[in-house]
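Peer 1: Task: produce atomic coordinates for the following.
(one chain, ligands or ions: 1)
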Amino acid sequence: MAEEAKNSSGGSAAVVADGHGVETASVGTAVLSSDAVQNPGLPPHRKRVTDLDPKKEKNAERGVYGLFYLSIVGSLGAVLAYMFFPIESGDASEIRLHTIFVGSGMALALLAIGIGAVHWGKALMYDGESIDLRHPVASDEPTREASAEVFKVADQESGFSRRTLVRNSLFGALIAFPLPGITLLRGLAPQDIDPVEVLRHTMWDKGIRLARDNGGHKVGEAIRAADVTIGSVFHVVPENLGQAKDVLNEKAKAVVLLIRLDEKDLKETPEKESWSYNGIVAYSKVCTHVGCPVALNEQHTHHLLCPCHQSQFDVSDEAKVVFGPAKRPLPQLPITVDDEGYLIAQSDFNEPVGPSYWERLK
Ligand code: FES
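Peer 2: Predicted coordinates for the structure are as follows:
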């Protein structure tokens, strides 16, 4: 069924009904809805206990500023925890305590601000329903005055200016909350040492045996050249890693992948010919892109894959980059064997390990 309706400009438009109360119309056709839901209006306002009982209102106010003070305690607690539980030796239990106490302080600080703000809003601020009808976006003078009036009324109703204890404790909590974050930045700064020097050298040195990496702080047994069969891969750390002051940091720089290839597959430049032993080569495991561990070995292609951004390095060709965002080969650790047949380092790496940025500081 179709009927004609007068539009606002005096013209006529087709109105289409499909016989099931649902009306369909083409673009430009006026649609008259016959079953629009009537505005039910607002239900009657129910007062809260804090509106009716001044004692309960006072209790709610105490609760709110108590939470904001609790937030301050949490923030200061996090700062104190940072000072009293420092990470110095890199020991896992030390890291755990530091993380638990600093994290708990920060969580308490943020949680208490959040709960306090919600409690303030629900229990004390004005909770009457109001309707704000749509209006043009541009604001004229009367609108601006009305806005200022709204702010004034909101201030009176929320008690923001009147409840000075609540307001000031909130300001205090918000000022104190960023402190733990700022304090944590201290941990990023070098402690009286040159960061370039720290990153340039690893624990590898002449004569240090290559030992299996047994995970975490654990150092496995030293590796004999005879135990490394063609195609096998070993995750390796310096045998003396346990003597390091900061075991995990030292390990992060010194981790090595040991791989044996068929000697005829190895392409070596003359100056690096003496860096391998019977086809056994050792490369830094720290990706030269942004430092992820390169640990996936594709035996047939001799490619090492970094799982982070898929850089690939050709182990048979001095770990040169064959794919991905890395910009330089993995640094090679020169190795040989000692009198007992154990694999040992000839020296430290001859260039900084890790992201390419450090190469510029060679
Ligand atoms: S860190 Fe290895 S490819 Fe990005």
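Peer 1: Enumerate the residues of the chain near the ligand.
Peer 2: By C-beta under 6 Å from any ligand atom, the part of the chain that sits against the ligand consists of 287, 289, 290, 291, 292, 306, 308, 309, 311, 324, 325, 326. Glycine gets a C-beta too; all of them are placed from N, C-alpha and C.
Peer 1: Separate out the buried members of these.
Peer 2: When the residues of the chain next to the ligand are checked for burial by 16 or more other C-beta atoms under 10 Å, the buried set is 287, 289, 290, 291, 292, 306, 308, 311, 324, 326.
Peer 1: The third one: what's it in contact with?
Peer 2: In this case it means residue 290. Going by C-beta atoms under 8 Å, 6 or more residues apart in numbering, residue 290 touches 308, 309, 355.
Peer 1: how about the helices in the stretch 201-350 of the chain?
Peer 2: Secondary structure of the stretch 201-350 of the chain by DSSP state H, counting those that start in this stretch: the helices cover 247-254.
Peer 1: Same question for the stretch 1-150 of the chain.
Peer 2: Applying DSSP H, counting those that start in this stretch to the stretch 1-150 of the chain gives helices spanning 49-52, 54-84, 92-119, 141-158.
Peer 1: Now the last one: average pLDDT?
Peer 2: What it means is helix 141-158. Helix 141-158 carries an average pLDDT of 92.
Peer 1: next structured bit after that helix?
Peer 2: Downstream of helix 141-158, the first helix or strand assigned by DSSP states H and E is helix 164-176.
Peer 1: buried set for that next one?
Peer 2: Neighbour-count burial for helix 164-176 [16+ other C-beta under 10 Å]: 166, 167, 169, 170, 172, 173, 176.
Peer 1: What about the residue found closest to the second one once you drop the neighbours it is linked to in the chain, how many residues nearby?
Peer 2: In space, residue 167 comes closest to residue 160 once its chain neighbours are excluded; the distance is 5.6 Å by C-beta to C-beta, 6 or more residues apart in numbering. Using other C-beta atoms under 10 Å, residue 160 has 16 other residues around it.
Peer 1: Could you list the low-pLDDT ranges of the stretch 251-362 of the chain?
Peer 2: 357-362 (pLDDT under 70).
Peer 1: give me that answer again for 90
Peer 2: 263-264, 273, 295-300, 327, 350-352, 354-362 (pLDDT under 90).
Peer 1: Also the stretch 101-250 of the chain?
Peer 2: 126-141, 143, 158-159, 181-201, 215-218, 231-232, 244-249.
Peer 1: from it, which residue is nearest to the ligand?
Peer 2: residue 199 (15.9 Å; C-beta to the nearest ligand atom).
Peer 1: before we move on, which element is that residue in?
Peer 2: helix 195-200.
Peer 1: give me phi/psi at the residue nearest to residue 167?
Peer 2: Backbone dihedrals for residue 160, given as degrees, to the nearest 10, come out at phi -60, psi -40.
Peer 1: Please look at residue 348 and residue 238 and confirm they touch.
Peer 2: No - checked against C-beta atoms under 8 Å, the pair residue 348 and residue 238 is beyond contact range at 10.0 Å.
Peer 1: between these two, what contacts are shared?
Peer 2: With contacts defined as C-beta under 8 Å, 6+ apart, the residues shared by residue 348 and residue 238 are 202, 204.
Peer 1: Compare these two (neighbour count), which wins?
Peer 2: Taking other C-beta under 10 Å, residue 348 and residue 238 do not tie; residue 238 has more neighbours (25 against 19).
Peer 1: Now do the same contact list for that one.
Peer 2: Taking C-beta under 8 Å, 6+ apart as the criterion, residue 238 is in contact with 202, 203, 204, 208, 209, 210, 211, 254, 345.
Peer 1: and the helix holding residue 199, which residues are buried?
Peer 2: Neighbour-count burial for helix 195-200, counted by 16+ other C-beta under 10 Å, picks out 199, 200.
Peer 1: Ok, stretch 79-97 next?
Peer 2: For stretch 79-97, the neighbour count (16+ other C-beta under 10 Å) marks 79, 81, 82, 85, 87, 90, 97 as buried.
Peer 1: How about stretch 345-358?
Peer 2: With burial defined by 16+ other C-beta under 10 Å, the residues of stretch 345-358 counted as buried are 345, 346, 348, 349, 351, 352, 353, 354, 355, 358.
Peer 1: quick one: contacts of it?
Peer 2: Against stretch 345-358 from outside (C-beta under 8 Å, 6+ apart): 196, 199-202, 204-208, 210, 238, 253, 274-275, 282, 284, 286-291, 326-328, 331-336, 359, 361-362.
Peer 1: Tell me the backbone dihedrals of residue 202, please.
Peer 2: phi -120, psi -180.
Peer 1: oh, I was asking about residue 39
Peer 2: Torsion angles, degrees, to the nearest 10, at residue 39: phi -60, psi 120.
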